[in-house]
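Trainee: structure for the following, please:
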Amino acid sequence: MSISRREAAAGLAAGTLALAAGRSRASTHTPPPVQPLALWYRQPASEWTQALPVGNGRLGAMIFGGTAQERLQLNESTLWAGQPYDPVNPQAKEMLPQVRALIFAGRIAEAEALANKMLMARPLAQMPYQTLGDLTLDFPGLGPISRYRRDLDLDSAMATTRFESGGSMHVRQVTASPGDQVIAIRLTATGPGKLDVDVGLRSPQQAVTLAADGSFGLLMSGRNSASKGIEGGLRFAARLLAQVEGGRAVHAPDGRLSIRGARAATLFIAMATSHRRFDDVGGDPLAATAAVIGKARTRPFARIATDTAIAHRRLFRRVAIDFGTSAAAGQPTDERIAASQTSDDPALAALYFQYARYLLICSSRPGGQPANLQGLWNDSLTPPWGSKYTININTEMNYWPAEPTGLAECVTPLVDMVRDLAVTGARTARTMYGARGWVAHHNTDLWRATAPIDGAQFGLWPTGGAWLCTHLWDHYDYGRDHAYLTGIYPLMAGAARFFLDTLQSDPTTGFLVTNPSMSPENPHGHGGTICAGPTMDMAIIRDLFGQTIEAATILRTDPALIGEMRAARERLAPYRIGRQGQLQEWQQDWDADAPEQKHRHVSHLYGLYPSRQISPDGTPDLAAAARRTLQIRGDRATGWATAWRINLWARLREGDHAHAILRFLLGPERTYPNMFDAHPPFQIDGNFGGASGIVEMLMTSHGETIDLLPALPRAWPSGQISGLRARGRCAVDVQWRDGGLDRAVLRPELDGQRTVRLGDKGRVLSLKAGRPVTLTMRDFA
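Mentor: Residues are numbered from 1 along each chain as shown. Have a look, this model is predicted:
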């Protein structure tokens, strides 16, 4: 029988406070109990994708759990290369009509060559997110190591390493405080031995200086790197303070802080850059870090750890999940992942789900940057794909689980980024397209660049900003906050105006299409990748227009714009079913001609998921065509693309198929030992997409309709999940037994009528705010 969430949480809380006070149960030499909400290991990390992440939305650290040498790799979310810049190609607007004409004439190769020469951004790449550096801890004189364990407690947001050496129990704890804005580290040695440690800071950044900061501190400062001809314009600082108990600290000639003979030590790290916003780098990181350390030094580690856990749990504990357990759940996390393809371990999927929520809380908090391709964590100056915001799927996927899993606050940084993009994107719309409104293509960065990058075959895709606008609407639809809708409506309307100005009439069909564009990153086999009116564009713009019309109607504004959008929406190119029975990816039936039949992107299935334009009930023929597309594409792809397929099969209500793909995602080919998603290499979107797929199997909502257990797989015959959120501010708890509903509880926060469905049965309920409603199988008989 599995431990209850409440029992586990109480045990974890007690353990955290005991450790913080230096009274760890590990000091009794008794192995700690299995924690259902923890990742744990029997050995230190030897690679970055084995290290464990902590973060407070702005500051991040990866903890390796070394014994004689420990490393904490450090990130600050605004440390990117470059400085404010405008990459729009000044020749683009003049040459755009020629590119359009070539595409409509079917001369794709010529159009792509001209676009590469005249339309693309300068520079052709955006700025990368970068590491700040490392905190290094060297412990001289340690003897043989025994009773080693390191873990990450997802409930308290605490990473702990513990082991025995020379008769002493060593315990090292790390947490990232959102309130105190520090990474806090507690080092203790209980027993005959004392704590000796050499503390250092290092960075691969430019013009780095390291100096003593008082008797017990270090200060590292420097400048960010240049990239692609854009000079570095940021200053950064990392400031460390050591509080030593029962020992002494001196500054060594090599720049490190040497602590000797201590019982315990607490280290605080503050980090900042001069970034204020995308067009302002006038901040003072030295003053900012000094102020943070000045406040943190008055607070004991136990208080910081407790406050961090409270702030984290306020979000994390909103949702609990239980798929049952097995003997495999008692094994270390890396061993569970390695054995997952052949063992029965339903609790691994529950852990993966909660880990994704943990990662989103740690990497996306109000006031900070959105989660990027690697969330918050990156150990390189030149990470894969720049660790940017890839907005042709990856950034959106990062936020798929946010609303339904009770993390609406975590969406705030994404909303803030869209506000910035509406500013820089208006310049791109005007300069590149001669259009009103704003546009963003397939990537952006800290500086909110919006011009097309990387090459026409990758970046000449104008609907990235429009897709982000659907997240603005979703945030409203889940929360139904009228003031919020008033604030974001101009962003949606601006994106809509751009397409009203730039949609082109297809000379063959008369439908309105985008031109130039592409079905993201997928060559169609007819001279290149770019095209007119790919299916994904039509679906995204259909949602953009529809949601903006609904927003304007609610707000009673812009009747003329509503009329324009309705007229244009009626003329958008429709879905088509091709000769393979598949949903066509392009206006022409080119799918069978595409050279990559197993391509990772399934962009044309946007209408099935995350949109609701295609469904088994409402559009059965299109749903069947989408299913055929998935069969052709295959189930196994890169990490994030595998996760997308889980959601798509779940939306088709094929839970066993969705679960089979989830099982592959949880295996060692697509999940690293620290449970980071393996593209490979690491991209965090797969973690979030996998969690979203789990939700999609258990509960989904659209408008005023809630579907219970729409794609429950046989692998989870009994279980429960509580705290899910349906659209319209309604919490949903679901419990099932022997493959069928046991009971569901709806906790509405707004009055209103809802349709609740279980399979093909439905109930219409009149809900009252604050009055829970319980449903059982009998209610759907």
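Trainee: use CA for all of it now, contacts and neighbours both
Mentor: Noted.
Trainee: nearest residue to the residue of the chain most remote from its centre other than its sequence neighbours?
Mentor: The C-alpha centroid of the chain is most remote from Pro192, which lies 45.0 Å away (C-alpha atoms, centre = their mean). Distance criterion C-alpha to C-alpha, 6 or more residues apart in numbering; nearest residue to Pro192, sequence neighbours excluded, is Ser168 at 5.9 Å.
Trainee: what sits against the residue farthest from the centre of the chain?
Mentor: Counting by C-alpha atoms under 8 Å, 6 or more residues apart in numbering, Pro192 makes contact with 166-168.
Trainee: if we use 10 Å, what do you get?
Mentor: 166-169, 263 (C-alpha atoms under 10 Å, 6 or more residues apart in numbering).
Trainee: among these, which ones are buried?
Mentor: By neighbour count, with 16 or more other C-alpha atoms under 10 Å, the contacts of Pro192 hold 168-169, 263 as buried.
Trainee: just put those residues in CSV and tack on distance to Phe499.
Mentor: Below are these laid out as CSV (distance: C-alpha to C-alpha, whole Å):
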residue, distance to Phe499
Ser168, 67
Met169, 64
Arg263, 65
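Trainee: stretch 553-567: how far from the chain's middle?
Mentor: 33 Å (C-alpha atoms, centre = their mean, to the nearest Å).
Trainee: likewise for stretch 48-61?
Mentor: Chain-centre distance of stretch 48-61: 13 Å, with C-alpha atoms, centre = their mean.
Trainee: in the stretch 251-400 of the chain, where is pLDDT below threshold?
Mentor: Judged by pLDDT under 70, the stretch 251-400 of the chain has no weakly predicted residues.
Trainee: just the strands in it please.
Mentor: In the stretch 251-400 of the chain, the segments counted as strands under DSSP state E, counting those that start in this stretch are 257-262, 264-273, 320-322, 389-390.
Trainee: next, the contact list for the residue nearest the centre of the chain, please.
Mentor: Nearest to the mean C-alpha position of the chain, by C-alpha atoms, centre = their mean, lies Asn398 at 3.1 Å. Going by C-alpha under 10 Å, 6+ apart, Asn398 touches 356, 360, 364, 370-375, 389, 411, 414, 640, 683-689, 691-692.
Trainee: that one and Ile540, how far apart?
Mentor: Distance, Asn398 to Ile540, using C-alpha to C-alpha, to the nearest Å: 18 Å.
Trainee: next one: Gly106
Mentor: The value you get for Gly106 to Ile540, if C-alpha to C-alpha is used, is 24 Å.
Trainee: would you mind telling me which of these two has more residues around it?
Mentor: Ile540 (22 against 14; other C-alpha atoms under 10 Å).
Trainee: in what helix or strand does that one lie?
Mentor: Secondary structure from DSSP states H and E places Ile540 in helix 535-555.
Trainee: so where's the stretch 651-781 of the chain shaky on pLDDT?
Mentor: If you take pLDDT under 70 as the line, the stretch 651-781 of the chain has no such spans.
Trainee: so where do the helices sit in it?
Mentor: Taking DSSP state H, counting those that start in this stretch to define them, one finds helices in the stretch 651-781 of the chain at 655-665, 685-698.
Trainee: equivalent analysis for the stretch 201-350 of the chain, please.
Mentor: So, for the stretch 201-350 of the chain - with DSSP H, counting those that start in this stretch - the helices run 285-296, 301-316, 333-339, 346-363.
Trainee: circling back to that earlier point, buried stuff in the helix holding Ile540?
Mentor: Counting neighbours by 16+ other C-alpha under 10 Å, helix 535-555 gives 535-549, 551-552 as buried.
Trainee: can you check stretch 520-529 too?
Mentor: 520-524, 526, 528-529.
Trainee: cool, and stretch 228-240?
Mentor: Of all the residues in stretch 228-240, those buried under the rule 16+ other C-alpha under 10 Å are 230, 232-240.
Trainee: before we move on, the earlier item: now the residue nearest to Pro192: how far from Leu630?
Mentor: In terms of C-alpha to C-alpha, Ser168 sits 57 Å off from Leu630.
Trainee: equivalent analysis for Met538, please.
Mentor: 20 Å.
Trainee: can you check Leu775 too?
Mentor: 34 Å.
Trainee: quick one: the strands in the stretch 101-250 of the chain?
Mentor: Under DSSP E, counting those that start in this stretch, the stretch 101-250 of the chain gives strands at 133-138, 145-153, 158-165, 168-177, 182-190, 195-202, 206-212, 217-223, 235-245, 248-251.
Trainee: out of those strands, nearest to Leu605?
Mentor: Ranking these by their distance to Leu605 (criterion: C-alpha to C-alpha) puts strand 145-153 first, at 36.5 Å.
Trainee: for that closest one, what is the average pLDDT?
Mentor: Mean per-residue pLDDT for strand 145-153: 98.
Trainee: tell me which stretches of the stretch 401-550 of the chain form strands.
Mentor: 443-444, 504-505, 512-513, 517-518, 530-531.
Trainee: make CSV out of the ones you listed and add mean neighbour count, mean pLDDT and distance to Phe268.
Mentor: Shown next, in CSV, are these (neighbours: other C-alpha atoms under 10 Å; pLDDT from 0 to 100; distance: least, C-alpha to C-alpha, whole Å):
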stretch, mean neighbour count, mean pLDDT, distance to Phe268
strand 443-444, 28, 98, 32
strand 504-505, 18, 98, 57
strand 512-513, 25, 98, 55
strand 517-518, 28, 98, 48
strand 530-531, 31, 98, 51
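Trainee: mind listing what the residue nearest to Pro192 touches?
Mentor: Here Ser168 is in contact with 27, 29, 142, 188-195 (C-alpha under 10 Å, 6+ apart).
Trainee: would you write a PyMOL line that selects the buried entries of the residues you listed?
Mentor: Of the contacts of Ser168, the buried ones go into a single PyMOL selection, burial set by 16+ other C-alpha under 10 Å:
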select buried, resi 27+188+189+190+193+194+195
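Trainee: and Leu765, how far from Leu750?
Mentor: For Leu765, the distance to Leu750 - C-alpha to C-alpha - is 13 Å.
Trainee: neighbours around the closest residue to Arg576 other than its chain neighbours, how many?
Mentor: Closest residue to Arg576 apart from its sequence neighbours, by C-alpha to C-alpha, 6+ apart: Gln584 at 5.5 Å. Counted with other C-alpha under 10 Å, residues neighbouring Gln584 total 25.
Trainee: what of Gly510?
Mentor: Around Gly510 there are 12 other residues, counting by other C-alpha under 10 Å.
Trainee: alright, calling it a day.
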